[in-house]
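Undergrad: After the sequence you'll find the predicted model.
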Amino acid sequence: MTGRSSEKHALQSLSGVGPQLAEKLGRINISKPEDLLFHLPLRYQDKTHITAISDLVPGNSSVIMGQIQGCDIRFGKRRSLLISVGDDSGSILLRFFHFSRNQQSSFREGAWIQCFGEPRRGTHSLEIAHPEYQIFSDQTKPLLEESLTPVYPTTEGVGPTVIRKLVNQAVSNHIGHLIDILPENIRQEFGLMPLEQALKMTHHPPADADTKALVAGTHPCQQRLALEEMLAHYLALSRIKKYRKKESAPAFSLSGTSWKTLKDSLGYQLTSAQRRVVDEIFKDIHSSVPVLRLVQGDVGSGKTVVAAAAALQAIDDGYQVALMAPTELLAEQHRQTFTQWFDDLGFKTQWLTGKLPVAQRRMALETIANGEANMVIGTHALFQQQVEFHKLGLMIVDEQHRFGVEQRLALRSKGNATDSHSADQVPHQIIMSATPIPRSLAMILYADLDVSSIDELPPGRKPVRTVVIPDTRREEVTSRIRDICDSGQQVYWVCPLVEESDKLQAQAATQTATSLQQQLPEIRVALIHGKLKPSQKDAIMERFNEGEIDLLVATTVIEVGVNVPNASLMIIENAERLGLSQLHQLRGRVGRGSDQASCVLVYQPPLGNLAKERLSLMRETDDGFKIAQKDLEQRGPGELLGTRQTGLAQMKIADLARDRQLIPTIEKISQELYQHHPELITPIVSRWMSQSEQYANV
Ligand code: ADP
Ligand code: MG
């Protein structure tokens, strides 16, 4: 019996599921009835009661009941049908962009209407776009649900109704066969609800359940599931770490003197945080157990010199080192730094970039393959192609502040493949990131890594002076730009993601650049955005770096690691729409020189309370950890790390920000499982994660 076909068959045992639907469900990793049990609601709709119109809160979907007061077609940017609905407390607009003549005539003045939808602030009053609705000729009893309505993730060709029916079937027919993998004693010790009960309640919240808790995701039934899901991820990652530790890497002797020579010539003392992290790394690489260490440190905390320390230990022992940067520009900056440091020590730094002409590229590859090149610096892209090393001992990845598990794994296999001369050894790896992750979260997100933090900036840094002003005071900003440029310094103007599409963003930035150039004719303005080719972007950044551009208008493409010390003013438009960590990264582009730098956060009034709080935090603190913590609380880890790429953002029910307090319990349970029930680890991981997410067989 082959597992797969019997599973498919199992799914088709549900009524209404044929081969086609089974195939579509397979795309969202549902291949057996049990998977449906773990297809959990994304959220709930509360259709259990009527909300008075005056009590509606923007963003909170609610049921209202009222009388139709008017019906009108507007011809604005888009034609829309507007229905005004009133109850005793107030009135609201329903807005339809798509509507039929029939539909239009059904909205008779004076008729009663019950609707459900998400109210938003419109120009004059609250509006609900495309609500679910029912019209009644007379005042009648509203049609309400007894309990919360679960909203499930759907997929193309499998709508909400179908999914809901299938889940219901699975709950009725299959939940009895489900095994609670967590042993009884663990469940008791940590007060966890039995799995069957937790699933039942989550899929069909009883009428008397705590609605608020369910909507917030904090109900014990959801927490039980969230805990198990986070546990599964943690186990999957920690298992990878255990596998890796079984492989072998070169143990560096730490007996060379190059690092000491470099350190003595730097002209500054390492901060105590840098010293601590260097020690941690030295301990790692002195051992033949391959390390994968994440070095996180705020922008400007001095990660580069720490990387150099590690690199020199490898090179002194005759190994090669690879350093990867996310952009050509950063790679170029590293090349300059490392060439300057390593030439004096007699080591060859080889640059590997897309810009190299073919002949030079061939030469470069040759010096890498024959071992002449000690230190190889390039972009990720280049390392993904076939590069053969003579003797690669250490791989360093810079500014990978948005990398996910999959990328990590890809790099790891690269480490195996690149080194043709010692197939049984893998290089050590260091990953450097400027997004500080709060410790508790790092434990889960980075369970497959060792983590070091450079949590201190070099002395004497002047914090960037930050001001927050409304868009209405743009004039002041323009005159500030003129002053700064007159004094020979440079300015960034960032127009962030107002629109989802690259194209529209580019358009918005283009308009801003044009109008700034009109207002400031004497200033050299240039524009950079994501629609440009990498070579075009690099060319512009280079001119900015050389001082040939005064004012650089940009989308958020400049976020990563660019270093132009002469730039001392940054203006960020629509700052209220950006996450704190992103603002912090952007702001980190200025204040790299000796001049006092400033950052102007421009917002569109009016400012909501949350946004107000966020922007004032930016004004008050320069501490990346504080900022990351706040960002995590407000927007969740997806925002902090880049949504899809965390590898963990795909969780079904757990929310790493909301459920952080579960982490210590998860660690304890995981220890207990490893000690007393190691055979349960694979079943838990497989239950919660699809094949591709399990990272198990890599
Ligand atoms: P990041 O962590 O953002 O990569 P860098 O390594 O680029 O930071 O360092 C930022 C700047 O700080 C560099 O100009 C570097 O020379 C300087 N720097 C690094 N460590 C120290 C230190 N301990 N004291 C003074 N300056 C330092
Ligand atoms: Mg850096």
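TA: Right, received. Where do you want to start? Ligands and ions are numbered 1, 2, ... in the order given.
Undergrad: just checking, next helix/strand downstream of the lengthiest helix in the chain?
TA: For the chain, the helix that runs over the most residues, judged by DSSP state H, is helix 220-244. Scanning forward in sequence from helix 220-244 by DSSP states H and E, the next helix or strand is helix 258-265.
Undergrad: May I see the buried residues of that next one?
TA: In terms of neighbour count (16 or more other C-beta atoms under 10 Å), helix 258-265 has its buried residues at 258, 259, 262, 263. Backbone N, C-alpha and C define where each C-beta goes, glycine included.
Undergrad: quick one: which of these is nearest residue 493?
TA: Comparing the buried residues of helix 258-265 against residue 493 with C-beta to C-beta picks out residue 262 as the nearest, at 37.8 Å.
Undergrad: which parts of the longest helix of the chain are buried?
TA: 221-240, 244.
Undergrad: Give me the nearest residue to residue 622, chain neighbours excluded.
TA: Residue nearest to residue 622 in three dimensions, not counting chain neighbours: residue 463, with 4.3 Å by C-beta to C-beta, 6 or more residues apart in numbering.
Undergrad: measure that neighbour to ligand 1 for me?
TA: From residue 463 across to ligand 1, the span is 14 Å (C-beta to the nearest ligand atom, to the nearest Å).
Undergrad: That residue: what secondary structure?
TA: State at residue 463, reduced to three classes by DSSP: H, G, I helix; E, B strand; the rest coil: coil.
Undergrad: That one contacts residue 591, correct?
TA: Yes: under the criterion of C-beta atoms under 8 Å, residue 463 makes contact with residue 591 at 7.3 Å.
Undergrad: Between the two, tell me which one has more neighbours.
TA: Shown here are residue 463 and residue 591; by other C-beta atoms under 10 Å, residue 591 has more neighbours (24 against 13).
Undergrad: how much space is there between the more buried one and residue 483?
TA: Residue 591 sits at a distance of 18 Å from residue 483 (criterion: C-beta to C-beta, to the nearest Å).
Undergrad: do the same with residue 168
TA: Applying C-beta to C-beta to residue 168 and residue 483 gives a distance of 67 Å.
Undergrad: got the phi/psi numbers for residue 112?
TA: Recorded main-chain torsions at residue 112 are phi -90, psi 140, according to degrees, to the nearest 10.
Undergrad: swap in residue 653?
TA: Main-chain dihedrals, residue 653, degrees, to the nearest 10: phi -130, psi -30.
Undergrad: again, but for the one 3 residues further on
TA: Reported as degrees, to the nearest 10, the phi and psi values for residue 656 are phi -60, psi -30.
Undergrad: and the stretch 401-550 of the chain, which of its residues are near ligand 1?
TA: Neighbours of ligand 1 within the stretch 401-550 of the chain, by C-beta under 6 Å from any ligand atom: 434, 458.
Undergrad: all helices for the stretch 401-550 of the chain, in order.
TA: Taking DSSP state H, counting those that start in this stretch as the test, the helices found in the stretch 401-550 of the chain are 405-418, 439-445, 474-486, 502-519, 534-545.
Undergrad: Output the contacting helices and strands for the last one.
TA: Contact partners of helix 534-545 among helices and strands, from 3 or more C-beta pairs under 8 Å, 6 or more residues apart in numbering; DSSP states H and E: helix 328-343, strand 525-528.
Undergrad: For the helix or strand just after that helix, enumerate the helices and strands it packs against.
TA: For helix 534-545, the following helix or strand on the C-terminal side (DSSP H and E) is strand 551-554. If contacts are counted by 3+ C-beta pairs under 8 Å, 6+ apart, strand 551-554 sits against strand 490-494, helix 502-519, strand 525-528.
Undergrad: rewinding a little: of residue 168 and residue 483, give the one with the bigger neighbour count.
TA: Using other C-beta under 10 Å, the more surrounded residue of residue 168 and residue 483 is residue 168, with 14 against 10.
Undergrad: before we move on, what SS does the more buried one have?
TA: Taking three-state DSSP as the rule, one finds residue 168 in the helix state.
Undergrad: Let me see the contact set for it.
TA: Counting by C-beta atoms under 8 Å, 6 or more residues apart in numbering, residue 168 touches 203, 204.
Undergrad: where does it land on pLDDT?
TA: Looking at residue 168, its pLDDT is 94.
Undergrad: got it, and residue 692?
TA: With respect to pLDDT, residue 692 scores 58.
Undergrad: again with the one 5 residues further on
TA: For residue 697, the model assigns a pLDDT of 44.
Undergrad: can you offset everything so residue one is 821?
TA: All right, first residue 821 from here; so that's residue 1517.
Undergrad: What is the least confident helix or strand in this protein?
TA: Least confident helix or strand of the chain, by mean pLDDT, DSSP states H and E, is helix 1225-1238 with a mean of 54.
Undergrad: What is the neighbour count of the closest residue to ligand 1 within the stretch 1271-1420 of the chain?
TA: Nearest residue of the stretch 1271-1420 of the chain to ligand 1 (C-beta to the nearest ligand atom) works out as residue 1278 at 3.3 Å. Residues within reach of residue 1278, counting by other C-beta under 10 Å, total 16.
Undergrad: same question, the one 3 residues further on
TA: The number of residues packed near residue 1281 is 12, by other C-beta under 10 Å.
Undergrad: Report the contact partners of it.
TA: Here residue 1281 is in contact with 1120, 1411 (C-beta under 8 Å, 6+ apart).
Undergrad: next one: residue 1486
TA: Applying C-beta under 8 Å, 6+ apart to residue 1486 gives the contacts 1047, 1050, 1051, 1054, 1264.
Undergrad: swap the cut-off to 10 Å and go again
TA: Contact partners of residue 1486, counting by C-beta atoms under 10 Å, 6 or more residues apart in numbering, are 1010, 1046-1055, 1263-1264, 1267, 1474, 1479.
Undergrad: circling back: I'd like the average pLDDT over the longest helix of the chain.
TA: What helix 1040-1064 shows for mean pLDDT is 90.
Undergrad: Next: stretch 1016-1030.
TA: The pLDDT scores in stretch 1016-1030 average 94.
Undergrad: Need the CA coordinates for it. PDB is fine.
TA: Output in PDB follows, covering the C-alpha atoms of stretch 1016-1030 (Å, rounded to 0.1, in the frame of the first residue of the first chain):
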ATOM      1  CA  GLU A1016      -9.900  16.900  20.600                       C
ATOM      2  CA  GLN A1017     -11.700  19.400  22.700                       C
ATOM      3  CA  ALA A1018      -9.400  22.200  21.600                       C
ATOM      4  CA  LEU A1019     -10.100  21.500  17.900                       C
ATOM      5  CA  LYS A1020     -13.800  21.100  18.400                       C
ATOM      6  CA  MET A1021     -14.100  24.400  20.200                       C
ATOM      7  CA  THR A1022     -11.900  26.200  17.700                       C
ATOM      8  CA  HIS A1023     -13.900  25.000  14.700                       C
ATOM      9  CA  HIS A1024     -17.300  25.300  16.400                       C
ATOM     10  CA  PRO A1025     -17.100  27.800  19.200                       C
ATOM     11  CA  PRO A1026     -20.000  27.000  21.600                       C
ATOM     12  CA  ALA A1027     -22.600  29.800  22.000                       C
ATOM     13  CA  ASP A1028     -21.600  30.500  25.600                       C
ATOM     14  CA  ALA A1029     -17.900  30.600  24.900                       C
ATOM     15  CA  ASP A1030     -15.800  33.700  25.700                       C
END
